[in-house]
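# Return atomic coordinates for the entry below.
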Amino acid sequence: MIPKTFKEVIDLGDGREISIETGKLAKQAHGSVVVQSGNCMLLCTVVSNYQQADVDFLPLTVDYREKFAAAGRYPGGFFKREARPSDGEVLTMRLVDRVLRPLFPKDYHSETQVMIQLMSHDSEVMPDAMAGLAASAAIQLSDIPFETPISEVRVGRINGELIINPSLSQLEESDIDMVIGASADSVMMVEGEMKEISEEEMTEAIKFAHEAIRVQCEAQLKLAEAFGKKETREYEPEREDEDLAKKVHDMAYDKVYAVAKKGSSKHERGAAFAEIKEEIIASFSEEEQEEYGGLISKYYSKAEKNAVRDLTLNEGLRLDGRKTTDIRPIWCEVDYLPSTHGSSIFTRGETQALATVTLGTSREANMIDMPSFEGEERFYLHYNFPPFSTGEARPIRGTSRREVGHGNLAQRALKGMVPADCPYTVRVVSEILESNGSSSMATVCAGTMAMMDAGVQLTKPVSGIAMGLISDAETGKYAVLSDILGDEDHLGDMDFKVTGTEDGITACQMDIKVKGLSYEILVNALRQARDGRLHILGKITETIATPNSDVKAHAPKMITRTIPNEFIGALIGPGGKVIQELQKETGTTIVINEDPVTEEGIVEILGTGQEGIDKVLAKIDSLMFKPQVGEVYEVKVIKMLDFGAVVEYTKAPGNEVLLHVSELAWERTENVSDVVNMGDVFEVKYFGVDPKTRKEKVSRKAILPKPEGYVARPPRDNKGGNRDNRNRDNRRDDRKPREKRD
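Numbering: from 1, shown residues only. Sure thing, here's the model as predicted:
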């Protein structure tokens, strides 16, 4: 029996639609939908255990995978099966997780799994823009407690016109690429890159996206109503005790406020807060401690948060003694590591990043192989966050999702400033050595300086800053915090990171925890962020104002040369013999690619020694050398023969031609060595290919003056002798034909 299905359609304008359908697939999941736009189809399922986990957080897993079969392709590698998620898939997981997680009840601790799978790919539809919609729609069809439907859309701008969910080809023309996540009432998440746009332009794009999201949220509610929205499940809430909460608050608030007001370092402050907490716990009897369990710690944390927030709102002071607009002390250094191609240290307060740059050929490009996108990155950035950076000891289990996300943000911030004609593949690695507030923004600053130190000709330097917001809905007070600490990130209402040049924003990442944030506050926060960015940019340019004019002496120099396709085979040689020997002889790396537009060969020559690079260029010039008829060229004798000398063009070593003995001099030459010897250098004239011998002809005598009284000898035929005499002797016009013998 064909199952009954339910469907809602969302009109995106310009003939595009998104449909949300349920009832056909994955019916044992607690909620499942198929979201489709064009030929792109996402299947999303959600399942949440009915038993509460014994933890004090929500064990939520958001998983996004792209199936290669969706694009009619096989997975790469030896095992033809999808394995660990790619960075692109991880980034989509983070986009969805960051919007969903705050909307579950704070005391809901059941293990929950949201799985989103790309089942059919459309090259004109980017699936990650629909992943948030699919996740929220599946949850709306379940009985899982969830505050309100949300959705996510991508915004682009082409020729000043904003577009919802642009295609990949449209994004290449767009100066904005932002993903916005929101409910019908509030914007909750913004992430993207821009080409130096203003704060007002960014706000306009967010507003435009929010209008489209409201329509998508309404469609989810209609689908849930048609399907038959389930009653929200009951679960055992966390234990609460208002009297205990008030008691702990009264015991902790003033003490925390006093410590916070002193302004101290992370470790001093942490030790002081820990001491207050221990005193409060010790004031309860063993029986009370056993009875209340973690409630005392929970209520202490709440009191600490309230005290720190009130200090900022009431007195404009922060945990480390700064005012709301102050930036922590900054010191920078470049060329710190002697053997890297470029390096820098950026330290801001208790956050420190050490960045390195490595330069390579196109062979070192980062290959991206996903069902929804194939390509390569000639500039990429990797971010590492070891546990010692926060004074912790914990297991290292590969690259975390956070490291992928922070590295991607810094990469997007910087990549627009790497010139299109940069011949190198550039890899930046940021090692976080200390962390107390926005190591990703420290990475942007360190990456900028390291690339300038390496001689990468950045269009403009880029800086980044992390901002926070503390607000009080009852009083209307709010404070925007520049250069936030790690603690302020945790206790604030908004965490947003903004990067840019002196002329505009290049990337942003924003998580908004408060409902109904006004656009007026958002614009004010972005403007304050600009002031902070420019302050940090000034510190960077004090250290290194412009990119170094050339790469370091020990770094590879890159030269590119374009050659016609007809010469590629000669440069490579049979089985790669020529190019391999040339690389070994010159100490260079040679990579040959084909330009898809001109269909010519692009030769990349990478080497630390200019002499080796020059030898490769000379070899290429030699292969491409074509002498012109009538031109005079310098040659060198490389071989002596009885009937002439083999010479090579000095401007094209390896290009050889025979200089016949008859072309050495005007006088008769008996021995070649009478005129020239091995190693002699002189000039010859090129006559092209002789039609009789079908060989190239050059002449030395042609550019020498004729001796006085010189008389040219009659030409000789192929059989020897004088051609005129032979013709005379062989005339048979007056003879009778020879009769046949009997």
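# correct me, but Val462 touches Val444?
Yes - at 5.9 Å, Val462 counts as touching Val444 under the criterion of C-beta atoms under 8 Å. For glycine as for every other residue, the C-beta is placed from the backbone atoms N, C-alpha and C.
# who's more crowded, those two?
Neighbour comparison, Val462 and Val444: the larger count goes to Val444, with 32 against 27 (by other C-beta atoms under 10 Å).
# which non-adjacent residue is nearest that one?
Gly464 (3.7 Å; C-beta to C-beta, 6 or more residues apart in numbering).
# quick one: average confidence on the helix or strand hosting Leu534?
Remark: Leu534 resides in helix 519-543, with elements defined by DSSP states H and E. Taken as a whole, helix 519-543 has a mean pLDDT of 93.
# Equivalent analysis for stretch 412-427, please.
So the average pLDDT for stretch 412-427 ends up being 94.
# how far out from the middle of the chain is it?
On the basis of C-alpha atoms, centre = their mean, to the nearest Å, stretch 412-427 sits 9 Å off its chain's mean C-alpha point.
# Overlap in contacts, Val462 and Val444.
Taking C-beta atoms under 8 Å, 6 or more residues apart in numbering as the criterion, Val462 and Val444 both touch 413-414, 499.
# quick one, what contacts the residue nearest to Val444?
410, 413, 438, 440-445, 497-500, 507, 533, 536.
# Which residue in those residues has the weakest pLDDT?
Among the contacts of Gly464, Ser438 has the lowest pLDDT, at 88.
# Can you verify my assumption that Ile568 contacts Gly601?
Yes - with contact taken as C-beta under 8 Å, Ile568 and Gly601 are classed as touching, separated by 4.5 Å.
# measure Phe682 to Gln628 for me?
Separation of Phe682 from Gln628 (C-beta to C-beta, to the nearest Å) stands at 19 Å.
# Between the two, tell me which one has more neighbours.
Taking other C-beta under 10 Å, Phe682 and Gln628 do not tie; Phe682 has more neighbours (16 against 8).
# Show me what the more buried one bridges to in the sheet.
Beta-bridge partners for Phe682, by DSSP bridges, are Val635.
# Could I get the contacting residues of it?
Counting by C-beta under 8 Å, 6+ apart, Phe682 touches 634-635, 676, 700.
# Nearest to Ile572 among these?
Ranked by distance to Ile572 (C-beta to C-beta), the contacts of Phe682 are led by Val635 at 27.0 Å.
# Poorly predicted segments of this protein, please.
Judged by pLDDT under 70, the chain has its weakly predicted residues at 1, 712-742.
# Pairing partners for whichever helix or strand Ile432 is part of, with directions?
Element membership for Ile432, per DSSP H and E: strand 425-434. Sheet pairing for strand 425-434, assigned by DSSP bridges, gives strand 351-360 (antiparallel), strand 379-384 (parallel).
# which stretches of the stretch 1-150 of the chain form strands?
Under the criterion DSSP state E, counting those that start in this stretch, the stretch 1-150 of the chain contains strands at 6-13, 16-22, 31-37, 40-48, 60-66, 112-120, 150-158.
# need those strands in CSV with mean neighbour count and distance to Ala353, can you?
Listed next are the strands of the stretch 1-150 of the chain as CSV, based on neighbours: other C-beta atoms under 10 Å; distance: least, C-beta to C-beta, whole Å:
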stretch, mean neighbour count, distance to Ala353
strand 6-13, 15, 40
strand 16-22, 20, 40
strand 31-37, 25, 39
strand 40-48, 24, 36
strand 60-66, 20, 28
strand 112-120, 22, 33
strand 150-158, 25, 29
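# Tell me which of those lies nearest to Ile432.
The minimum distance between Ile432 and the strands of the stretch 1-150 of the chain falls on strand 60-66, with 24.7 Å, by C-beta to C-beta.
# Run through the neighbouring helices and strands of the closest one.
helix 87-100, strand 112-120, helix 128-140 (3 or more C-beta pairs under 8 Å, 6 or more residues apart in numbering; DSSP states H and E).
# quick one, it and strand 112-120 angle?
10 degrees (axes from the mean of the first three to the mean of the last three C-alpha atoms, to 10 degrees).
# Determine how far strand 60-66 lies from the middle of the whole chain.
Relative to its parent chain, strand 60-66 has a centroid offset of 22 Å by C-alpha atoms, centre = their mean.
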